[in-house]
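K.L.:
Here is the input, now give the coordinates:
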Amino acid sequence: MSIHSTAIVDSKAKIHASCKIGPYCVIGAGVELGKGCHLVSHVVIEGPSKIGSDNGFFPFSSIGLAPQDLTYAGEPTRLEIGSHNEIREFATINRGTVKGGGVTRIGDHNLIMAYTHIAHDCQIGSHIIMANAATLGGHVTVEDWANVGALCPVHHYVRIGTHSIIGGGSTITRDVLPFSKTSAERGTHAYGLNAIGLERRGFSKERIKKLHHAYRLLLTSKLNTSQALQKIKAEADRGEDVDLLIRFIEASERGVIK
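P.N.:
Numbers count the residues shown, from 1 in each chain. Have a look, this model is predicted:
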């Protein structure tokens, strides 16, 4: 067993001899770690938590701590994690509550990315991706092969169906259909030139005037992007800033926000 000299491991923890415990990790009583688990550094795991084999825990992940529930009164609830999961930096996974069945479960082969939160009594299947800062309220069920996008808050008791994908930044308050693509409406727009910022950076009035004109053609005319570009390119003395704008748009592979 490889345990760094700065790690603190409770004598009541059960750790397989093949595990690697990195610097400044803290492992509490009631923790069981299966073979091949690797705690990179600064990982905290409290029990009761039963963790399978070949799981990776990255710095500052917080695993198996008490649930964030006002009714929790220290009951011996638990966390169960399967095998071959990757749990990235600052992820938090809480134990269950008595009223929720007493256990939070996570299956196998999941990627739990940085800043993800999995609350008490969640039931997480296998082959799931939870992108950065995805946040599950209590009692959420995520079925196998689902993909929860970055910055998605999911309301407690929601079910996320198998093989579904949720677009980043979507607020989920009801169940997500299996096999679906689900996303919030994307209402993002460009509202004009950052004139004040450019002025603070020393842009002359003439440079800002030329950019204003180009932006009016792009954003407020009835021309589509291609037509607006043609009109802008046809004008003499556009200036280097407008040429940069043209090159940026022409190089775009995903299209530009207008």
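K.L.:
so where's the stretch 151-258 of the chain shaky on pLDDT?
P.N.:
Regions of the stretch 151-258 of the chain meeting the criterion pLDDT under 70 are absent.
K.L.:
Where do the strands of it begin and end?
P.N.:
153-154, 159-160, 165-166, 181-182 (DSSP state E, counting those that start in this stretch).
K.L.:
pretty sure V43 contacts I63?
P.N.:
Yes. Assessed by Cβ atoms under 8 Å, V43 is found in contact with I63 at 7.0 Å. From N, CA and C alone the C-beta is placed, and that goes for glycine too.
K.L.:
shared neighbours of those two, which are they?
P.N.:
Shared contacts of V43 and I63 (Cβ atoms under 8 Å, 6 or more residues apart in numbering): F57.
K.L.:
helix, strand or coil for the residue nearest the centre of the chain?
P.N.:
For the chain, the residue nearest the mean C-alpha position is N132 (1.5 Å; Cα atoms, centre = their mean). Secondary structure, DSSP: H, G, I helix; E, B strand; the rest coil: N132 is coil.
K.L.:
Phi, psi for it please.
P.N.:
phi -50, psi 130 (degrees, to the nearest 10).
K.L.:
can you pull the contacts of it?
P.N.:
113-116, 150-151.
K.L.:
now the residues you listed: which count as buried?
P.N.:
113-116, 150 (16 or more other Cβ atoms under 10 Å).
K.L.:
On the pLDDT front, check A131 for me.
P.N.:
pLDDT for A131: 98.
K.L.:
and it, how far is that from D243?
P.N.:
Distance, A131 to D243, using Cβ to Cβ, to the nearest Å: 36 Å.
K.L.:
neighbour count winner among those two?
P.N.:
Using other Cβ atoms under 10 Å as the criterion, A131 and D243 rank with A131 on top: 19 against 13.
K.L.:
Quick check: chain neighbours aside, which residue is closest to the more buried one?
P.N.:
Nearest non-adjacent residue to A131, counting by Cβ to Cβ, 6 or more residues apart in numbering: A150, 3.9 Å away.
K.L.:
same question, H120
P.N.:
Excluding the flanking residues, the one nearest H120 by Cβ to Cβ, 6+ apart is P67, at 3.4 Å.
K.L.:
Contacts only, for the one you found.
P.N.:
77, 94-97, 119-121, 138 are the contacts of P67 under Cβ under 8 Å, 6+ apart.
K.L.:
mind running it again at 10 Å?
P.N.:
The neighbours of P67, taking Cβ atoms under 10 Å, 6 or more residues apart in numbering as the test, are 75, 77, 79, 94-98, 100, 104, 119-121, 138.
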